[in-house]
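**Q** Provide a 3D model corresponding to the input given below.
(4 chains)
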2 protein chains.
Amino acid sequence: MPRKIEPSALSDQALELIATRFRVLGEASRLKLIRALESEERNVSQLVEDTGLTQANVSRHLQTLTEAGILGRRKEGLNVIYFIADHGIFDLCKHVCGSLQERFAANAKAFGG
Amino acid sequence: MPRKIEPSALSDQALELIATRFRVLGEASRLKLIRALESEERNVSQLVEDTGLTQANVSRHLQTLTEAGILGRRKEGLNVIYFIADHGIFDLCKHVCGSLQERFAANAKAFGG
DNA sequence: TGACAATATGAGTATATGCGCATATACAGA
DNA sequence: TCTGTATATGCGCATATACTCATATTGTCA
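**A** Next up is the predicted model:
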């Protein structure tokens, strides 16, 4: 039989939600958009320029990020302004960054670099 | 022209690596395996029991997680023991958890719950 | 060496999803 | 209302990947 799960452990349903959040971030194009929004809010056209992605593509990724609660949006006349809604995102990225740096440093060391 | 990127911003290549890391975590089955390994190392058969996934499936996910540097493995006779190699993973999950909790709480509040 | 147990992997299938193209929708100004 | 601009979206294609089944591989013990 399956081992008893720790009282502190997350339910399967919670894991599903967490996985979904990670999956949203698991796409370089979307991270690019987040990066472009780090210092200031931007409209779609600006984000198209910033990222080099097509307009349709940017629009879809923005939708994904907004549905996930990571971005917020506001209409201003013809334009739609996107902004970071969940600033914790940057901590997350930094965390992953640190983890990857450690790993690469260890690899480099293993090869006497 | 694209807006100038902050000096502190991550390169496209770095974003790609970060996205890959997130993508690895963007699968509930893999999070389940990580959860099962939280308190102690386990062999494959045990993980099959813990998660209810098929043996082939577990084996593949373990490979993915190990290649990402999240798990480590060690052979003991016929068995292969897997364990958490990057304990920062739990911080990451907790972080996402907190972020989701905030969001759900806000939603609940918006609906007068 | 033969039988068995634990794990990994090749092949095939189903599903998800990123992308581009074209077009629809929403809004502003003349 | 007509035109042009900004954004969103339907559709189809190509690809990635999770899953299952069957089998290979690796190691143990008699």
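
**Q** the helix or strand hosting residue A:104 packs against which elements?
**A** Assigned by DSSP states H and E, residue A:104 belongs to helix A:88-110. Applying 3 or more C-beta pairs under 8 Å, 6 or more residues apart in numbering or on different chains; DSSP states H and E, one finds that helix A:88-110 contacts helix A:12-25, helix A:28-36, helix B:12-25, helix B:88-110. C-betas here are computed from N, CA, C, even on glycine.

**Q** that helix versus helix B:88-110: what angle between them?
**A** 170 degrees (axes from the mean of the first three to the mean of the last three C-alpha atoms, to 10 degrees).

**Q** give me the contacts around helix A:88-110.
**A** A:25, A:31, A:34, A:38, A:70, B:10, B:14, B:17-18, B:21-22, B:69, B:86, B:88, B:91-92, B:95-96, B:98-99 (C-beta atoms under 8 Å, 6 or more residues apart in numbering or on different chains).

**Q** selection in ChimeraX covering whichever of those residues are buried, please.
**A** If you want just the buried ones from those in ChimeraX, going by 16 or more other C-beta atoms under 10 Å in any protein chain shown, the selection is:
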select /A:25,31,34,38,70 /B:10,14,17,18,21,22,69,86,92,95,96,99
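
**Q** return the residues of chain A in contact with DNA strand D.
**A** Within chain A, the positions near DNA strand D by C-beta under 7 Å from any atom of the strand are A:43-45, A:48, A:55-56, A:59-60, A:62-63, A:73, A:78-80.

**Q** change it to 6 Å
**A** Contact residues (C-beta under 6 Å from any atom of the strand) of chain A with DNA strand D: A:43, A:44, A:45, A:55, A:56, A:59, A:60, A:62, A:63, A:78, A:79, A:80.

**Q** which residues touch the closest residue to the first one other than its chain neighbours?
**A** Read it as residue A:43. Spatially, and ignoring its direct neighbours in sequence, residue A:43 is nearest to residue A:79 (4.2 Å; C-beta to C-beta, 6 or more residues apart in numbering or on different chains). Shown in contact with residue A:79 (C-beta under 8 Å, 6+ apart): A:43, A:44, A:45.

**Q** what residues does chain A put near DNA strand C?
**A** A:23, A:27, A:29, A:54, A:56, A:57, A:77, A:78.

**Q** how many neighbours does the fourth one have?
**A** I take that to be residue A:54. Residue A:54: 10 surrounding residues under other C-beta atoms under 10 Å in any protein chain shown.

**Q** may I have the phi/psi pair for it?
**A** With angles defined as degrees, to the nearest 10, residue A:54 sits at phi -70, psi 160.
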